[in-house]
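Engineer: next come a sequence and a model predicted from it.
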Amino acid sequence: MEKLANTQHEIHPLLKARWSPRAFDSRPLDPSVLPSLFEAARWAPSGGNNQPWAFVVFPADGSEARRQIEDALTGNNREWAPRAPLLVLAVAMPHPRLGTVGPYSYYDLGQAVTQLTVQATALGLFVHQMAGFDADKARQVAGLPDTCEPMVMIAIGHYGDYTHLSEALRERELAPRVRKPLAEFVFHARWGQSLFPAPA
Ligand SMILES: Cc1cc2nc3c(=O)[nH]c(=O)nc-3n(C[C@H](O)[C@H](O)[C@H](O)COP(=O)(O)O)c2cc1C
């Protein structure tokens, strides 16, 4: 299903097409797409080129690990995300010199996930990030070192059939996509002075 961004100005078609669905199809991904997704993440910019990210991949292969990572999901993510053929735990890594996860670890991981997302969109796939998971459980299932931090769980797959969703989720699936206007967050030289004021 298309849910094209209703943009105020022209943007790249991939950015316009990307959205975060809940109706995933359980059909497995072509194995050839996996390297492309993570290659795209790999070439994200990062502070000092530290590349403070890692990904733990859980395909829907019937394994105990996949069952346990699904069990780490919380809230209504438990309803829709298990259908996705791929769940990926995105992990922030410590700064190599400081030894701890810092603000740029989070910032850089976010950029890597964005690149993965755009690549997935180019391959006709959909990506839905989730903060709604039990980080301690996910840490344990994935065997993460203490110095790393699990940040988001990412569902990746083909679009499915939204009529399988519960009524509440179906409503959110069909709801229009909204954003703040540029006038609210792009300023000219001084905070609060909009570069793109809303037309009077
Ligand atoms: C850090 C982060 C955490 C999110 N957590 C959840 C989540 O737990 N459950 C969920 O359904 N969506 C989650 N989302 C998806 C957002 O709700 C979604 O990106 C936002 O509503 C904008 O919609 P769009 O991606 O379709 O444009 C998360 C997105 C991000 C970036």
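Structural biologist: In hand now; what should we look at?
Engineer: now the strands for the protein?
Structural biologist: 53-59, 86-92, 126-130, 149-157 (DSSP state E).
Engineer: nearest to G143, out of the ones you listed?
Structural biologist: Closest approach to G143 among the strands of the chain (Cβ to Cβ): strand 53-59, 8.4 Å. (C-beta placed from N, C-alpha, C; glycine too.)
Engineer: what's the closest one in contact with?
Structural biologist: Contacts to strand 53-59, defined as Cβ atoms under 8 Å, 6 or more residues apart in numbering, come from residues 28-29, 34, 38, 41, 44, 46, 65-66, 69, 85-93, 105, 108-109, 112-113, 142, 144, 148.
Engineer: how many residues are close by the residue in the chain that the ligand sits nearest to?
Structural biologist: Across the chain, the shortest distance to the ligand (Cβ to the nearest ligand atom) belongs to G132, at 3.0 Å. Neighbour count for G132, taken as other Cβ atoms under 10 Å: 15.
Engineer: ok, it - contacts?
Structural biologist: Going by Cβ under 8 Å, 6+ apart, G132 touches L73, T74, G75, N76, N77, M153.
Engineer: out of these, who's near the ligand?
Structural biologist: N77 (Cβ under 6 Å from any ligand atom).
Engineer: H188: which of the contacts of G132 is nearest?
Structural biologist: The closest of these, once distances to H188 are taken by Cβ to Cβ, is M153, at 38.3 Å.
Engineer: enumerate the positions of stretch 151-159 that are buried.
Structural biologist: Of all the residues in stretch 151-159, those buried under the rule 16 or more other Cβ atoms under 10 Å are M151, V152, M153, I154, A155, I156, G157, H158.
Engineer: can you check stretch 62-81 too?
Structural biologist: For stretch 62-81, by 16+ other Cβ under 10 Å, it's R66, I69, E70, A72, L73, N77, W80, A81.
Engineer: ok, longest helix in the chain?
Structural biologist: helix 103-122 (DSSP state H).
Engineer: chain center to that helix, what's the gap?
Structural biologist: Centroid displacement of helix 103-122 relative to its chain, using Cα atoms, centre = their mean, to the nearest Å, is 8 Å.
Engineer: quick check, that helix touching the ligand?
Structural biologist: No - judged by Cβ under 6 Å from any ligand atom, helix 103-122 makes no contact with the ligand; its nearest approach is 7.7 Å.
Engineer: what comes up buried for that helix?
Structural biologist: 105, 108-110, 112-121.
Engineer: again, but for stretch 79-95
Structural biologist: By neighbour count on 16+ other Cβ under 10 Å, the buried set for stretch 79-95 is 80-95.
Engineer: kindly report the same for stretch 20-36.
Structural biologist: Going by neighbour count (16+ other Cβ under 10 Å), the buried part of stretch 20-36 is P21, R22, A23, F24, L29, V33.
Engineer: now render those residues as TSV, adding pLDDT and distance to the ligand.
Structural biologist: Formatted as TSV, those follow (pLDDT from 0 to 100; distance: Cβ to the nearest ligand atom, whole Å):
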residue	pLDDT	distance to the ligand
P21	98	7
R22	98	6
A23	98	12
F24	98	12
L29	97	20
V33	96	20
